[in-house]
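Peer 1: Structure, please.
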Amino acid sequence: MAQVQPTGLFGATPATTLCCLCGIPLKTSSENNTCANCVAATVSSVAQRVPKSYTMIWCKGCERYLKPPASWVPAELESKELMAICLSKIMKLEKARITDAKFIWTEPHSRRIKIRMTAQEQHPSSLQIVQESFTIEYVVQTMQCPDCTRLAAKNTWVATVQVRQRVNHKRTFLYLEQLMLKSQIHKRCSNIKEAKNGVDFQFLHKNQAQQMQTWLESAVPCKSSWSERIISTDVKSNTRNSKWTCVTELAPVCKEDLVALDSSTRKILGGIGPVALCYRVYSTISFVDPFTLKCFTLNMQEFMKYEPKILMSMANLSLFYVIDSEEVTNPHEKSISEYARHGFRLARVTVGRAKDSEVFTTLSHIGHYLKAGDEVLAYDFTLWNGQDGDERDEWHSDVVIVRKHFAKRKKRAWKLKRLDMLGEEDNEMDVDQTDGNKGIKKRSDEMKEVSRKRQKIDREKRKDRTIRGQAAGSRPKTQPSDADVERFMQELEEDADMRSRVNLYKAEEFAESEREDSDAESAPEIPLGELLDDLKLE
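Peer 2: Have a look, this model is predicted:
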């Protein structure tokens, strides 16, 4: 059977048009009777118009690329952010449409970035789509961004957040440091510097300091105040150059501190006893009455309003040994909080003082953890020279048990990371270290040698005063002592809730076979499943 030829309208065979240059038949007619190949060969194409070489500006300090006109964007090699910057620099595309773009691998040290790009364009006369692929090369040149330029000059900053706490230890700052490492909030700081009673965080922009202040208020109980100092003004343009200082004062109470409450505050808080023990400090401060298990929580505003008096802290703890422990029925069971019902149990404990074996009987909120022969750390009011003699009659006992003491501790299989901080002496400029941070005075180059000698003499004098002050127990330390670090690590081992808020890393030198086996009760250990692998990039 013969094949039927396709016919057009009214049975006519459709007409075909030949290309005027190469003679191949065209399926559709065009204005100049030219095929797509001939159009691409005769008309200026996208590949011919677009320049094949461009320059990329890269800051070596912060590893950011310049995105015209003046924004700096962080981007890694062969990332979508870097691709967006590269494509934004391509010129003379006009009506062409980019259909595909991908990176071509180059040596990282070659400072070259290559992109294979495919573009489509419609011919204006023939209305045919022309598609071409071509390679574009970018030469990476280094240049300091404005932030790194200001950072290269020592101690230049626009805003600083000064965190202070008026206590004789650094355990709060050790906890705050671990929170920062987990949240990565410290990445925005241009400089972190240790100071008396705290730490200074310096920033190149005011909004970064405001973000730090907001984060601190959500992490720890504190109050903040801002001050502005005008550096220079321009009357003609009505502009000024200023520096801002935010002083953040942390609550002076810490975990395991014993506070006293006046009678009016006790009534407001629901009949709390005259003394309370701080057992948790996060964004709020939690207290427990060790004799009744009644708990209450104060934020920074309430703490400043009621002003509980701190009677004793960790330095006043005394060692006792447990003779007997017996749980008792709590008459305030219905009024205590849910946390106290599960975390605390009231017990009558008989203890003996370690140095002279004097026996005391007291109530304890952790009595269910204790048994005969255990060692505990407690506050001994028989050795305390306080001014609250009238209120001592309302206290249940002269001994307040704080926590269980573990004489034996195994080798730790974990470690903590620390922030890189500068000390007070690590500066080449005259920086006032007071809370007001009065300012920075630049020295000329010819006076630097004289200033270094003067700083050396001042450091020797300050070191001598520090040694005498520490012996008297009056001068607070700039850096955390070994005892503060050890106690903070013990708190992490004993408190799972606190441990969940920080990052713990596996120790490289630790092996599972190094764990000691002994019948004696040792301190709690952190499970290996909670530890992170420490990643080191070489």
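Peer 1: ok, so what distance separates residue 258 from residue 315?
Peer 2: Distance, residue 258 to residue 315, using C-beta to C-beta, to the nearest Å: 12 Å. Yep, even glycine has a C-beta here, placed from its N, CA and C like the rest.
Peer 1: Actually, residue 372.
Peer 2: In terms of C-beta to C-beta, residue 372 sits 28 Å off from residue 315.
Peer 1: what does residue 171 give?
Peer 2: 12 Å.
Peer 1: could you pull out the helices for the stretch 301-450 of the chain?
Peer 2: Assigned by DSSP state H, counting those that start in this stretch, the helices in the stretch 301-450 of the chain fall at 338-343, 448-472.
Peer 1: before we move on, the earlier item: residue 258 and residue 315: who's more crowded?
Peer 2: Each of residue 258 and residue 315 has its neighbours counted (other C-beta atoms under 10 Å); residue 258 has more, 24 against 9.
Peer 1: what secondary structure does residue 485 sit in?
Peer 2: helix (DSSP: H, G, I helix; E, B strand; the rest coil).
Peer 1: An error on my part: the question was meant for residue 150.
Peer 2: On the basis of three-state DSSP, residue 150 is classed as helix.
Peer 1: Please verify my assumption that it contacts residue 156.
Peer 2: Yes: counting by C-beta atoms under 8 Å, residue 150 touches residue 156, with 5.0 Å between them.
Peer 1: Neighbour count for these two, which is higher?
Peer 2: Neighbour count, other C-beta under 10 Å: between residue 150 and residue 156, residue 156 has more, with 17 against 14.
Peer 1: Excluding chain neighbours, what is closest to residue 407?
Peer 2: residue 375 (6.3 Å; C-beta to C-beta, 6 or more residues apart in numbering).
Peer 1: On the pLDDT front, check that neighbour for me.
Peer 2: Residue 375 carries a pLDDT value of 91.
Peer 1: And it, how close does it get to residue 412?
Peer 2: 21 Å.
Peer 1: what's the answer for residue 405, then?
Peer 2: For residue 405 relative to residue 412 (C-beta to C-beta), the value is 18 Å.
Peer 1: Surely residue 277 and residue 285 touch.
Peer 2: No: judged on C-beta under 8 Å, residue 277 makes no contact with residue 285 at a distance of 11.4 Å.
Peer 1: quick one, which of these two is more surrounded?
Peer 2: residue 285 (25 against 22).
Peer 1: For that one, name its beta-bridge partners.
Peer 2: When bridges are called by DSSP bridges, residue 285 pairs up with residue 281, residue 298.
Peer 1: quick one, what contacts it?
Peer 2: 221, 251, 253, 278, 297, 298, 299, 303 (C-beta atoms under 8 Å, 6 or more residues apart in numbering).
Peer 1: about what we covered before: can you name the residues that contact the residue nearest to residue 407?
Peer 2: So residue 375 contacts 319, 320, 321, 322, 354, 404, 405, 406, 407 (C-beta under 8 Å, 6+ apart).
Peer 1: Could you check how far the spatially most central residue of the chain is from residue 503?
Peer 2: By C-alpha atoms, centre = their mean, the mean C-alpha position of the chain lies nearest to residue 180, the distance being 2.4 Å. As for residue 180, its distance to residue 503 is 11 Å (criterion: C-beta to C-beta).
Peer 1: Residues in a beta bridge with the closest residue to residue 224 other than its chain neighbours, which ones?
Peer 2: Ranked by C-beta to C-beta, 6+ apart and with sequence neighbours excluded, the top spatial neighbour of residue 224 is residue 248, at 4.7 Å. Partner residues in beta bridges with residue 248, using DSSP bridges, are residue 163, residue 224.
Peer 1: pretty sure residue 248 contacts residue 223?
Peer 2: Yes: using C-beta under 8 Å, residue 248 is in contact with residue 223, at 7.3 Å.
Peer 1: Neighbour count for those two, which is higher?
Peer 2: The residue with more neighbours, out of residue 248 and residue 223, is residue 248; 21 against 14, by other C-beta under 10 Å.
Peer 1: For the closest residue to residue 405 other than its chain neighbours, name its beta-bridge partners.
Peer 2: Excluding the flanking residues, the one nearest residue 405 by C-beta to C-beta, 6+ apart is residue 375, at 4.2 Å. Taking DSSP bridges as the rule, residue 375 bridges to residue 321, residue 405.
Peer 1: any idea how far residue 375 is from residue 402?
Peer 2: For residue 375 relative to residue 402 (C-beta to C-beta), the value is 12 Å.
Peer 1: next one: residue 371
Peer 2: Counting by C-beta to C-beta - residue 371 and residue 402 are separated by 17 Å.
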